Each structure stands twice: as structure tokens, then as C-alpha cells.
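[1] coords please:
(4 chains)
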There are 4 protein chains.
Amino acid sequence: MTHVTSMLETYPKDLGTIDRQKLAECIAACFECAQTCTACADACLAEDSVADLTGCIRTNLDCADVCESTGRVLSRRTGASAEVTRAVLEACRTACKACGDECGQHASMHEHCKVCAEACRRCEQACTDLLAALG
Amino acid sequence: MTHVTSMLETYPKDLGTIDRQKLAECIAACFECAQTCTACADACLAEDSVADLTGCIRTNLDCADVCESTGRVLSRRTGASAEVTRAVLEACRTACKACGDECGQHASMHEHCKVCAEACRRCEQACTDLLAALG
Amino acid sequence: MTHVTSMLETYPKDLGTIDRQKLAECIAACFECAQTCTACADACLAEDSVADLTGCIRTNLDCADVCESTGRVLSRRTGASAEVTRAVLEACRTACKACGDECGQHASMHEHCKVCAEACRRCEQACTDLLAALG
Amino acid sequence: MTHVTSMLETYPKDLGTIDRQKLAECIAACFECAQTCTACADACLAEDSVADLTGCIRTNLDCADVCESTGRVLSRRTGASAEVTRAVLEACRTACKACGDECGQHASMHEHCKVCAEACRRCEQACTDLLAALG
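    Reported below is the predicted structural model:
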């Protein structure tokens, strides 16, 4: 998370009233979750039981895409729109919940799904916390 | 839009009750808007008056990212989640409205903003139409 | 391709000596191929024979990502770097060739792979043509 | 980098002869650089001297896109293609070098460009090291 914080600290204008700690945590969680879901989709593809994991792969791919675009939107502070911020956070929370639930069902069978479910839960919580902090 | 339709037509399983025409239009609009917003952000950068267009560039970049992830999520039909679909469509509609409004303000000055505002309006409408069709 | 051309036509500065027709074709091919590969990966996931298509899914996902980033880089004309342009075109050509070859092997069995192989071939050719035009 | 390593460790099949440490470092560097470049483009937009930073913003946007797609490709181990891996690493190295050079020129003026140049250098080096390790 250090690099996320460093970039927020060197932002040249006032960051406004947003909770910087929660913002940094959410940005870091989005990028972490995007990478983890990309890797989990691929690990599922490598399982002999791939035919039972197609729903998981799909949910992983969606979650990776939504987390990535959300992490990018949140990384931008210039002319930030409260409505767009809220809408992408809601979408990201929804995608992370769906993926955390799905991967959670395979967590006892597949260690990668367990790790991924945890990343999704963290990102879901970080989105929820940031939404709450936005007031 | 032909290639989007071709891929929907060759999908091996039942596509369910979703309105295929509206789905294809929305997918195509998302990818078109993502490209147009990427190009508009760059065209704004090339303007002598770039200092007056920083809000427009930011909104363009957000819209490109959200449209792209939405277009990808919609392109996937396997194990589709109604909640995730709705949430990304809401986020995309919001980002397109913000960008269409912003580019619309510069449309009389900058032709690229005019073209981009139209792409944003089309994508916003396509998201709204697909959301309505989802019931 | 109309929207790609419209944005190139409204670019406020000189586009330089680049072949505009080949540039527009390559940008359009990249976004089309990104969408098609995203949909083909998902269609493969929906096949009963998904266990035989894991290599195809993986190649599709790579090709979608590389085409998308290449389409974005090419859409930007401000301060364009010849080296970066060349490097992303080489990567895109390589990813499209790999995916066209892989999907081509399943084209007789799966119509979506046939459509996708054609999109990959078009994009590979468009990258090759633009690289040649860059001199 | 912990989450990247966790996913490599839980990959269900043999990872082959690839240097896992260098692979993990490169994946982590790609995602970190993508976030940093996204934030640096935005910080440049917020500078009063934005008109002097348009080349930097453009290079940042390219680097973010190329790093992201490279980080995704590298995160996939199933059916990995040596040619595609090499080609995306070459493109990423080139984009990171261009962005590190550009941001490096503004490092004494803008702290965000200094932080970003360092992220680009790390990612360029990680790509170079992984390419060398691929043999």
C-alpha cells in the first residue's frame, strides 16, 4: 500500500475532506483483488475439475475487471465526481461480494479460491467503508 | 456491431430471456464509448486550452475505464449474475452521464468533445434501455 | 470504424505522417478483437468440452488484454513515441497470432472460435500493416 | 507482493522452470506501476503547469495500460506461451523506460513524478530481469 499512499501524499492540490486512509486502503484493495481474481481464474482453469468451476472463473473475470476500473477511478482526485465515485464503489462492492461468495464455496477444496475469497472480502469491506466515509 | 452480434449468435448455450438486440447494442456502445473517451482525453491534451479541460480529461478517463469493464462483463453470458449486471450498468450509466454532460459543455468549442458527448449519450441510453429490459 | 475515424478527424493538432487509414483500421481491429476474445473465452467456458479448451480460454484472455491496451495506446496521438508504438504493435501482433492459431484449431468444432480466429487474423494483419507503414 | 506470491503458491499445477521470485516481483511491479502512473497522470492534471506536462500525462497513460495488461498476462500460468510472454515483457519494458525517462525529467519539480519515475524504473528492471531469466 506504500506506493498508493506516496502518490496521495504528493498530490499537488488539496485532497478535500475524503478520508485518506480509507481511500488508500480501498485503492490498494482494488488492485490487489484485480490481480488475485485474474490469477484465481487461471488457477481454476488448471484444475482437473474445471468443468465444475466455470461459474467461479466467470465471476473472477468480472471481479478483476470491475476492481481494476474502480481502482483507477479512485486513484484520480482531479475534478472527482461524488456520483461516479459512489456508483463505481457500489458496483465494485457487488462484484466483490459475488466473487467472495462463489470462491468461498470452493475454499475448502481449492486453496487459491480461499486466498481469493479473502481478497474479495477485504475489497468488499474497503468499498463499504469508503462509501460510509463519503457520508 | 456485427462482431458483437456474431459472438452472441454463436454462444453455445441458451442466452436466456435477455433482450439480445438491446444487449448487443449496449456491448457495442460500451466499447465504442471507451475508445471515443480515450481519444477525447488525448485530443483535450493537445488543445492549447488544456488547462481549462482538466475536468473533461479526468471524466473521459473514468468513462473509458468504466465502459470497458462494463462491456467486458456484458460480453460474458456464462453464469451471469443479475446483481452484478445491474450494478455495472448503473455505474456505466452514471459515468456516461457525467462525461456526456462535461463534454457537452465544450461541444461548441471542440469538435472532439461534440463527437464524444454523442457517444456518451448513446452509451448512457443503451445502459438505461438494457436496465429497463432486465425488468 | 466510423467513430474511430471521427475522433482522428477532430484531433486538434497535426497527426503527422502516420497513415491515417491504417491507423484507424488498426484501432478498430484492436477494440473489435478485444471484445470478440472476451466473448470467445466465455463461450468456451460454456462448452461441455471446456476441459479441452483451457488453453484456448487463456490465449483469448491474453489477447483481449493486449488488444485493449494496444487500442488505447494507438488512440493517443499527443506526444506519441515511435518506440512504444512499435513495441505494443509487436506484442499485439504476437498475441493475435497465438490466439488466431489456437482458435483456428477449434474452428471446425466451435463456431465462436471460427469467428474469433477471423477477428484475430484481421487484427494481426492490421498491426503488421501499421508496423510496415511506420517505416 | 504477498498476495501475488500466495496465488503462485496455490497454483494447482507445476509452474515449470520459470524463476518464481522474479515472476512474482515482475507481476507486483506491473500492478504497482499501473496504479502509480494512473495517479501521476492525474497529479499532472492538477498542476498549474499542466500545459507543460501533456507529454508526461500521455506517457503515464500508456504505461498504466501496458503494465496492467502485462501484469494480467504474467498472472496466468495455464498454457503460457513463451512468445507472448516475451513480447508483452518487451512492450512493458519499453513503455516503462519511456515513462521513467519522461517523469525523471520532472522529478526535481514534481514529487509525484519522482515517485512515479522510481516505480517505472523498478518495473522496467523487473521486466528485464524476468526476460533474462526466461533464457
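
[2] where's the residue of chain A most remote from its centre, which helix or strand?
    Computed with CA atoms, centre = their mean, the residue of chain A farthest from its C-alpha average is A:D48, at 27.6 Å. Assigned by DSSP states H and E, A:D48 belongs to no helix or strand.

[3] Excluding residues flanking it in the chain, which one is nearest the residue nearest the centre of chain A?
    Nearest to the geometric centre of chain A sits A:C30, at 3.1 Å (CA atoms, centre = their mean). Nearest non-adjacent residue to A:C30, counting by CB to CB, 6 or more residues apart in numbering or on different chains: A:G71, 3.2 Å away. C-beta here means a position set from N, CA and C on the backbone, and glycine is covered the same way.

[4] between the helix or strand where the one you found lies and helix D:54-75, how many degrees?
    Using DSSP H and E, A:G71 sits within helix A:54-75. Relative orientation of helix A:54-75 versus helix D:54-75 (axes from the mean of the first three to the mean of the last three CA atoms, to 10 degrees): 160 degrees.

[5] what's the following helix or strand after helix A:54-75?
    With elements assigned by DSSP H and E, the helix or strand that comes after helix A:54-75 is helix A:82-105.

[6] these two touch, right, A:T38 and A:D65?
    No: when contacts are counted by CB atoms under 8 Å, A:T38 is not listed as touching A:D65 (9.3 Å).

[7] List the residues that contact the residue nearest to the centre of chain A.
    A:67-68, A:70-71, A:74, A:92, A:123, A:126 (CB atoms under 8 Å, 6 or more residues apart in numbering or on different chains).

[8] and which of the residues you listed is nearest B:L8?
    A:E68 (24.4 Å; CB to CB).

[9] Would you tell me which helix is longest in chain A?
    helix A:20-45 (DSSP state H).

[10] which parts of that helix are buried?
    Within helix A:20-45, the residues scored as buried using 16 or more other CB atoms under 10 Å in any protein chain shown are A:22-45.

[11] Between helix D:20-45 and it, find me the angle.
    Using the same axes, to 10 degrees, one finds that helix A:20-45 and helix D:20-45 are set 140 degrees apart in direction.

[12] tell me the angle helix A:20-45 makes with helix A:82-105.
    Computed by the same axes, to 10 degrees, the angle separating helix A:20-45 from helix A:82-105 equals 40 degrees.

[13] So which residues on chain A come close to chain B?
    A:54-55, A:58-59, A:61-62, A:65-66, A:68-69, A:72-73, A:76, A:78-81, A:83-84, A:87-88, A:90-91, A:94-95, A:98 (CB under 8 Å from any CB of the partner chain).

[14] one step back: can you pull the contacts of the residue nearest to A:C30?
    Counting by CB under 8 Å, 6+ apart, A:G71 touches A:27, A:30-31, A:34, D:35, D:38.

[15] Now with 7 Å, please.
    By CB atoms under 7 Å, 6 or more residues apart in numbering or on different chains, the contact list for A:G71 reads A:27, A:30-31, A:34, D:35.

[16] Most widely separated two among these?
    A:I27 and A:A34 (11.1 Å).

[17] Is it correct that A:H3 is in contact with D:T36?
    Yes: if you go by CB atoms under 7 Å, A:H3 and D:T36 touch, sitting 5.5 Å apart.

[18] what is in contact with the two at once?
    Residues within reach of A:H3 and of D:T36 at once, by CB under 7 Å, 6+ apart, are D:A119.

[19] Distance check, A:D14 against C:D48.
    Distance of A:D14 to C:D48, given as CB to CB, to the nearest Å: 57 Å.

[20] Return the per-residue confidence for A:E83.
    On pLDDT, A:E83 comes in at 97.

[21] likewise A:M1?
    A:M1 is assigned a predicted lDDT (pLDDT) of 74.

[22] now it, nearest residue through space, not along the chain?
    Distances taken as CB to CB, 6+ apart place A:A28 nearest to A:M1, at 4.1 Å, with adjacent residues excluded.

[23] isn't that neighbour right up against A:T2?
    No: using CB under 7 Å as the test, A:A28 is too far from A:T2 to be in contact (9.1 Å).

[24] For chain A, which residues are neighbours of chain D?
    Residues of chain A found near chain D (CB under 7 Å from any CB of the partner chain) are A:3-4, A:6-7, A:10-13, A:27, A:31-32, A:35-36, A:38-40, A:42-43, A:45-47, A:68, A:71-72, A:75-78, A:111-112, A:115, A:119.

[25] at 6 Å what do you get?
    Counting by CB under 6 Å from any CB of the partner chain, chain A comes close to chain D at A:3, A:6-7, A:10-13, A:31-32, A:35-36, A:38-39, A:42-43, A:45-47, A:72, A:75-76, A:78, A:111-112, A:115.

[26] Now A:D19: closest residue in space that isn't a chain neighbour?
    In space, and not counting its chain neighbours, A:D19 is closest to A:A133: 4.2 Å by CB to CB, 6+ apart.

[27] quick one, phi/psi of that neighbour?
    Backbone geometry at A:A133, expressed as degrees, to the nearest 10, gives phi -70, psi -20.

[28] and what of A:A80?
    phi -60, psi 140.

[29] swap in A:T10?
    Main-chain torsions, A:T10, degrees, to the nearest 10: phi -100, psi 10.

[30] Please apply the same query to the one 3 residues further on.
    Backbone torsions of A:K13, given as degrees, to the nearest 10, read phi -110, psi 180.

[31] And for the one 4 residues further on?
    Main-chain dihedrals, A:T17, degrees, to the nearest 10: phi -90, psi 0.

[32] For it, grab the count of nearby residues.
    9 (other CB atoms under 10 Å in any protein chain shown).

[33] what's the distance between it and chain C?
    According to CB to the nearest CB, to the nearest Å, A:T17 and chain C sit 33 Å apart.

[34] got it, and A:D19?
    From A:D19 over to chain C the distance is 31 Å, taken as CB to the nearest CB.

[35] can you check A:C40 too?
    13 Å.

[36] Report the spatially nearest residue to that residue, omitting neighbours in sequence.
    For A:C40, ignoring the flanking residues on the chain, the nearest one in space by CB to CB, 6+ apart is A:C116 at 3.8 Å.

[37] residues touching the one you found, list them.
    Going by CB atoms under 6 Å, 6 or more residues apart in numbering or on different chains, A:C116 touches A:36, A:40, A:103.

[38] A:L74 too?
    A:26-27.

[39] Chain C versus that one, what's the distance?
    19 Å.
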